[in-house]
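> predicted coordinates and the sequence they were generated for:
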Amino acid sequence: MKLATLRTGATTRAVRLDGESGGGGEPGGTGGTGGTGGVLVDLGLPDVGAVLRQDGWREFAAAATGTAYPLAGADFAPVVPAPSKVVCVGLNYRNHIQEMGRDLPEHPTLFAKFADCLIGAGDDIVRPEETGQFDWEAELAVVVGRTVRRARGAEAAAAIAGFTVLNDITCRDWQFRTREWLQGKAWDSSTPVGPYLVTPDELPGGVRPVLDIRLAVDGEVMQSDSTGDLLFDPVALVEYVSTMVRLNPGDLIATGTPGGVGQAREPQRFLLGGETVVTEIAGIGRLANRVVRETSAR
C-alpha cells in the first residue's frame with residue numbers, strides 16, 4: 001500500500017494510490033511526482049499522520065472508498081506534514097563513512113530536524129543566503145506507525161509503518177562551525193520528503209528493505225547505492241531511538257546517506273541555485289526539486 005498527503009486547494013487530504021502503472025517508483029521511472037497511471041483515493045482524513053493515529057490504520061486505509069483524484073499533476077505535501085519529531089542518522093553507509101574519512105561508529109550518530117524543515121516531493125528547495133556550501137543527501141526514511149518506547153525485536157519491527165524518500169539538504173559551512181551538526185541540518189523549507197509512505201510488505205526485505213537509491217543533479221548522477229549497505233538497519237534504529245525518547249505515529253527517522261555528497265568530491269561541488277535535484281528509491285518514489293535562492297526573510 002502507498003499512502004500520501006495531497007494538497008487540494010488550501011487544504012490537504014490523506015490519499016491511497018490505486019492502480020499505479022508506468023515507473024512504479026523505480027529510478028528513472030515515473031512513479032514519484034511525475035507518474036500518470038493510477039488514482040489517489042481520499043481516505044477521509046487531512047494527512048497521513050492522522051491516518052497513522054487511527055486504531056487499525058492499515059485496515060482503515062485499505063478499505064476507504066472516498067473521492068478519487070488523478071495522479072497526473074498531483075501536488076504532494078510532505079508525506080507527514082507535522083511529525084512530533086524528525087530524527088536523522090549520520091554516517092550510516094559504509095562508503096559515505098569512508099569518503100568522509102571516519103571510522104565505523106559503534107553507535108548511531110543522531111541529530112534532529114523540525115517539521116518546518118519539511119517540504120513536498122515537488123516543492124522548491126530554498127537555498128539560504130547565509131550559506132556557500134549547500135549540499136545534497138539522498139536518504140531512506142522510516143515512518144513510525146505506533147507509539148513505542150524502549151522497543152526491541154518484533155515490537156520495533158511492528159512499529160515501522162513504512163518508508164519514504166528524504167533529501168537531507170545540508171549547509172556544510174554551518175554544520176561544521178561546531179562539533180554539533182544541528183545548525184547545518186535544520187534550515188527552514190529545505191528538506192523534501194515523500195511522495196509516498198510505502199508499507200514494508202510492498203518492498204524486498206520488508207522492514208529491512210534492500211533497494212536502489214540514487215540522486216542526480218541536473219541529470220548527472222551523484223549518488224547511487226543500495227539501502228542494503230546501511231550499517232544500522234531500520235529496526236535497529238527504532239530500537240536505539242526509542243530507548244531514549246518515545247516514538248509516535250508519523251515520526252520520521254532518516255537513516256543516513258550513501259557516498260557521493262558534494263563536500264567529499266574533488267573539487268567540492270555545491271548547489272548554487274537553479275539546479276533540479278532528483279532523489280529516487282526503487283519501489284518507493286521520486287523527489288524532483290528545483291533549488292531556488294532565498295530572496296527575502298521568511
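Thanks, I have it. Numbering: from 1, shown residues only.
> how far off centre is the helix-or-strand element of the chain with minimal mean pLDDT?
Of all helical and strand segments in the chain, the minimum by mean pLDDT, DSSP states H and E falls on helix 94-99, at a mean of 76. Between the centre of helix 94-99 and the centre of its chain there are 20 Å (Cα atoms, centre = their mean, to the nearest Å).
> residues of it that come out buried?
Buried residues in helix 94-99, counted by 16 or more other Cβ atoms under 10 Å: 96, 97, 99. Using the backbone N, CA and C atoms, a C-beta is placed for each residue, glycine as well.
> low-confidence stretches in the stretch 151-298 of the chain?
296-298 (pLDDT under 70).
> quick one: the strands in it, in order.
With strands called from DSSP state E, counting those that start in this stretch, the stretch 151-298 of the chain shows them at 160-167, 170-171, 191-198, 212-217, 220-226, 252-254, 276-281, 285-293.
> for residue 134, which of those is the nearest?
Closest approach to residue 134 among the strands of the stretch 151-298 of the chain is made by strand 170-171 (6.1 Å; Cβ to Cβ).
> who does that closest one touch, helix- and strand-wise?
Counting contacts by 3 or more Cβ pairs under 8 Å, 6 or more residues apart in numbering; DSSP states H and E, strand 170-171 packs against strand 134-135, helix 182-185.
> partner strands of that strand and their direction?
Counting by DSSP bridges, the strands paired with strand 170-171 are strand 134-135 (antiparallel).
> what about the partner strand, average pLDDT?
Per-residue pLDDT values over strand 134-135 give a mean of 98.
> residues in contact with that strand?
Contacts with strand 134-135, where a contact means Cβ atoms under 8 Å, 6 or more residues apart in numbering, come from 127-128, 169-172, 261-263, 270-272, 291.
> next one: stretch 145-152
With contacts defined as Cβ under 8 Å, 6+ apart, stretch 145-152 is touched by 52, 57, 155-156, 158-162, 238-239, 242-243, 245-249.
> now with 6 Å, please.
52, 159, 161, 238, 239, 242, 243, 246, 247, 248, 249 (Cβ atoms under 6 Å, 6 or more residues apart in numbering).
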